[in-house]
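S.K.: this is the structure alone, sequence omitted:
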């Protein structure tokens, strides 16, 4: 299982990388963590003519507090995000999701931007970004634009990125006070692709009712699912099993395109989505109640 | 489906530090770090179990971090420091991890063992006193088909203990 | 855990393994580490179709690629290689590279040798093949039908073997029964998936017509000569080196395909050629897949729960070829009645060919299946008759005074004490506490289950099991030996040479411990070597849990020869009589005196001082011994008695305790206890390692592992992400206790214990999960018991009860 030939470039700056992307548009792939791309190449399922290795562009690796929210450089390793103790507890969902990515050696290389740009339906971070109302900065040699997470994921391994565009940054708006978040997933073995995963972000009002609830699911469709119907149901409710049950039922009802493979049928994934939605909401609420 | 025709300039010259020794090589960009280590440099201790990142047998350290050498191109390691299992023993003396694996029989066929040693080495660098759950989590990406893992856990615990003990004993008794 | 050392110095000691320092420092040479000058690398193009005719192959572009030295289609390869060896009597022909027709997705159709594996794979992408797809036979019940398309056109149907073996008065015993317990049971197709795939480096020398082979294949001095005939070379011109092997679990017994491919390319290029399976090659095409069975099973019992008779009828999906014949079914007949006094039994086997990779043998070799089927029947009996499972087993155990015990098929159990093993397990299981926990958990809507299995774990197979399923008077191989050579040098250094490969078991440690015991020396002073088949002595190699038994016997035999010569020399030099000499503590003593000579002294004389040796004695000091199977007999001509073929019989009791989350279907272990009796234990820690590793694989098949094919025959579990072997997170710590009932037939009373973990875990885990789900009335008759299945069964049960 050896990869096919390619031309290799290792730009030192974003500008250089974008110039190369423009020159080789259509033939080139970005090499970031490589933990998804290289297996595909070793199995000869993809044959990129050109690889642009961005691992040397240190300016793309950062986690910064910005305007109450966070900005994360696309090259930030999942291991860094998973272990970041500077992020407040409200951002648990980010740490937890990053922690579920594969295994330690995988996380040492895999990147936040890579996970988002690759858009594997089972990937955790896309679901989290959708729940957090994140925005992605996509740059090309001539242009720069921000894309909302809910507009970014188009389908199976398909995103809104054009040839010649590269993800450079993820921007996540701040969370209101009395917020808590959680990510839960179920997999066959530790570190396997999730059969279903749920990101939950809970904001409580001063009276203890749900001011806002946001959910993002992975592995239950070709793209991450944001169940607005469930979120609408939750707003104004008292937190508790009754609310979680209703939300879970609402989530399951809109999952009409879940994945199905030997590890989990569509029906089972729907079932898990319901179970995990309740769990995620409960944990996120408990954290919101604890306060940061 | 054939790739672009290779030109001379499509080979890349790299400087790779492996176990403290610097090597200068000219490689095709597509050569995996695992293959360059094994075939070009003779570090055959690192083994190939799957070549798609799932089994952990090929794990080495790059700049002190565990990576799947089957998922990294050698050119990416240019200018970086690689550590393989051959770098664990010093002056013919096995590293405490190797000693502990020997004491506790943390191996049978040995094929996955270098990968486990490098991953455990990284764990103990960051967490010198890991509990059983932490050990299990750190090693969950290394597959062993022989041992059932329990002796491996015991070996890591034993190594942690002996490394902590030698850290407590000051080397040399300078005044 | 404790073992009794019975007055041995080294046997029974937890010494560190001899093999480990080289393994730990990355010094060992596995097959893929072999590097020879001029060596080329091979890659193989595999069929995308499960069943198809090869209409045409155009390799011209591949041949022209710079760096490519040879491209062989199956037809072209027939010039240099013949079909691979097969143990079957039926005319099922397999070639390492398919000719004209492919019979499973992943079958090799073209092989390339190039300067690097990278270039070889580039070349494969340039090969053009025109296919005529044929209907794939994937459902074994469909493939069985008389009018089904044939996997092999030369056979009358896809049912390649069919026979019912009756032993004793089955009908009579069933007529006497008060109850017949019936189950339909499904054992899934699993695969060994060792961390190291199979591979070979072949170096053909056209000048001498010799070939050297470095391969992790086995049975080198047993049926290795069969691979030579595949290579179209006289066996004594092919020299196999026993290699350090990264696990096998039965998958590398006769790795003829990889050797044939490397060998063919070496003959054609005149260069050494390496062919290593990559992981996909290994999962789709290695002969590692095993039993894929549907059982109709019946146990005839009295109302007190006495087991009278057993009927087991299996349909076994053998895949596209049949190289091991029905070894996976005959093996089972060694212990098919378990540890119980079952009077008679009938076992029917229908072996069906389909368009899947063929079966090999995987740790347990079919006896793992037999244990599971029998214990499912025992659990079902317990449930249907309302008799506690522990009590039921006690009522039926063969008692300690009944050994050697001849069971219905004719095999003998050498020794055992099943009640004592169970008692030891119960002593540590604290079942009262766990039953309380279980009751409390149920109140909280949580489900804890306590499992139990008491099973046999045979060791040391006889070659008769390869052929006694064929009707008499036909016979086959009757030798199943293992040899070692002990040499002592002029300074007294002891070297033991073995002729079979290391599989991850501990052959070096075992032989040094036994040599240590025999000569009274520290095992760490003994040197160990391996030698190739040019110097080979008979030996079947690892497998069937035989190596500890066979190596102990071989070392003891060789040691006796060497000690005899040493005694003669010492007696001569000390002017004593030979009968008065004894070897202990590394010296030869005149019994009852303090007069002795050290091994070094004797070696010194033996090599350099001929004048000081007894008249007529050859110089030198060495002994080789071929230890034959200690107890095997021929099957009867009518096959109503299969003879003794697996008498060195171990036993184990496992008690796992699980919690099942009925929301997700997840199974978590709360405790796992195992008691193993494998006779005298040579190295306790090493045995525990084997038990734990075996249990991990048993948990694998019970909960995670299954080779899956799509309806059109695509292998859906062709990567390690899809074929799920347990990681460290899925395998609990195992509490192990030992019981020792020595064998009367082996050196030191040892028995083999390498397979037992995998042979006992599946029924015990199934039993635990079923116990957890008892409130729902769920009966488990298949594996792997996946979370999805558990959720489905619970949901069905809840629907039915409302």
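M.R.: Cool, the structure landed. Quick caveat, the model's predicted, so the values are computed rather than measured.

S.K.: can you pull the contacts of the nearest residue to residue C:370 once chain neighbours are set aside?
M.R.: Sequence neighbours aside, residue C:332 is the residue nearest to residue C:370 in space, at 3.9 Å (criterion: CB to CB, 6 or more residues apart in numbering or on different chains). Quick note: C-beta positions are derived from backbone N, CA and C, even for glycine. Neighbouring residues of residue C:332 by CB atoms under 8 Å, 6 or more residues apart in numbering or on different chains: C:347, C:366-367, C:369-370.

S.K.: same thing with residue B:100?
M.R.: B:106, B:155-156, B:158-159, B:162 are the contacts of residue B:100 under CB under 8 Å, 6+ apart.

S.K.: neighbours of the single nearest residue of chain B relative to chain C, just the number please.
M.R.: In chain B, no residue comes nearer to chain C than residue B:45, which is 1.9 Å away by CB to the nearest CB. Residues within reach of residue B:45, counting by other CB atoms under 10 Å in any protein chain shown, total 26.

S.K.: report the contact partners of it.
M.R.: Going by CB under 8 Å, 6+ apart, residue B:45 touches B:84-86, B:114, C:25-27.

S.K.: for it, which non-adjacent residue is closest in space?
M.R.: Nearest residue to residue B:45, sequence neighbours excluded (CB to CB, 6+ apart): residue C:26, at 1.9 Å.

S.K.: can you map out the helices along the chain?
M.R.: No chain specified, so I'll use chain A. According to DSSP state H, chain A carries its helices in the segments A:14-23, A:37-42, A:78-82, A:92-99, A:104-107, A:112-118, A:124-131, A:149-152, A:228-234, A:241-254, A:266-290.

S.K.: look at chain B instead
M.R.: Under the criterion DSSP H, helices of chain B are mapped to B:33-35, B:96-104, B:113-126, B:132-138, B:150-168.

S.K.: adding distance to residue C:299 and mean pLDDT, write those out as a markdown table.
M.R.: Listed next are the helices of chain B as a markdown table, based on distance: least, CB to CB, whole Å; pLDDT from 0 to 100:
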| stretch | distance to residue C:299 | mean pLDDT |
| --- | --- | --- |
| helix B:33-35 | 52 | 98 |
| helix B:96-104 | 43 | 98 |
| helix B:113-126 | 44 | 98 |
| helix B:132-138 | 40 | 97 |
| helix B:150-168 | 35 | 95 |
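
S.K.: any chance of those in TSV with distance to residue C:396 as columns?
M.R.: Shown next, in TSV, are the helices of chain B (distance: least, CB to CB, whole Å):
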stretch	distance to residue C:396
helix B:33-35	54
helix B:96-104	39
helix B:113-126	43
helix B:132-138	39
helix B:150-168	32
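
S.K.: next, give phi and psi for the residue in chain B positioned nearest to chain A.
M.R.: Proximity of chain B to chain A (CB to the nearest CB) peaks at residue B:141, 2.4 Å away. Main-chain torsions, residue B:141, degrees, to the nearest 10: phi -90, psi 10.

S.K.: need the pLDDT of the residue lying closest to it once chain neighbours are set aside.
M.R.: Leaving aside its chain neighbours, residue B:141 sits nearest to residue A:103 (2.4 Å; criterion: CB to CB, 6+ apart). pLDDT for residue A:103: 95.

S.K.: okay, now residue A:103: neighbour count?
M.R.: Residues near residue A:103, counting by other CB under 10 Å: 25.

S.K.: can you check the one 10 residues further on too?
M.R.: Other residues near residue A:113 number 27, with proximity taken as other CB under 10 Å.

S.K.: quick check: it touching residue A:77?
M.R.: No - contact criterion CB atoms under 8 Å: residue A:113 and residue A:77 do not qualify, at 10.3 Å.

S.K.: one step back: now tabulate the helices of chain A in a markdown table and tack on distance to residue C:689.
M.R.: Listed next are the helices of chain A as a markdown table, based on distance: least, CB to CB, whole Å:
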| stretch | distance to residue C:689 |
| --- | --- |
| helix A:14-23 | 50 |
| helix A:37-42 | 31 |
| helix A:78-82 | 32 |
| helix A:92-99 | 31 |
| helix A:104-107 | 25 |
| helix A:112-118 | 38 |
| helix A:124-131 | 36 |
| helix A:149-152 | 49 |
| helix A:228-234 | 50 |
| helix A:241-254 | 45 |
| helix A:266-290 | 36 |
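
S.K.: between these, which one is nearest to residue C:583?
M.R.: Ranking the helices of chain A by proximity to residue C:583 (CB to CB) places helix A:104-107 first, at 52.6 Å.

S.K.: run through who's touching the closest one.
M.R.: Residues from elsewhere that reach helix A:104-107 (CB under 8 Å, 6+ apart): A:33, A:35, A:77-79, A:82, A:98-99, A:101, A:191, B:53, B:56, B:59, B:66-68, B:119, B:122, B:138, B:141.

S.K.: where does chain B dip in pLDDT?
M.R.: Within chain B, the ranges that satisfy pLDDT under 70 run B:1-9, B:170-175.

S.K.: who in it is up against chain A?
M.R.: Neighbours of chain A within chain B, by CB under 8 Å from any CB of the partner chain: B:1-4, B:6, B:10, B:12, B:28-30, B:32, B:35, B:51-53, B:56, B:59, B:65-68, B:70-73, B:75-76, B:78, B:119, B:122, B:137-138, B:140-142.

S.K.: hmm, back to that, now do the contacts for the residue of chain B closest to chain A.
M.R.: A:102-106, A:191, B:56, B:59, B:119, C:727.

S.K.: 10 Å - rerun?
M.R.: For residue B:141, the contacting residues are A:102-107, A:190-191, B:53-56, B:59, B:66, B:68, B:115, B:119, C:727-729, by CB atoms under 10 Å, 6 or more residues apart in numbering or on different chains.

S.K.: looking at those, which are in strands?
M.R.: Using DSSP state E, the members of the contacts of residue B:141 that fall within strands are B:59, B:66, B:68.

S.K.: okay, buried residues for the longest helix along chain C please.
M.R.: In chain C, with assignment by DSSP H, the single longest helix is helix C:547-574. Within helix C:547-574, the residues that count as buried by 16 or more other CB atoms under 10 Å in any protein chain shown are C:547-559, C:562-563, C:565-574.

S.K.: mind listing what's buried in the helix or strand just after it?
M.R.: Following helix C:547-574 in sequence order, the next helix or strand is strand C:581-584 (DSSP states H and E). Neighbour counts over strand C:581-584 (16+ other CB under 10 Å) mark C:581-583 as buried.
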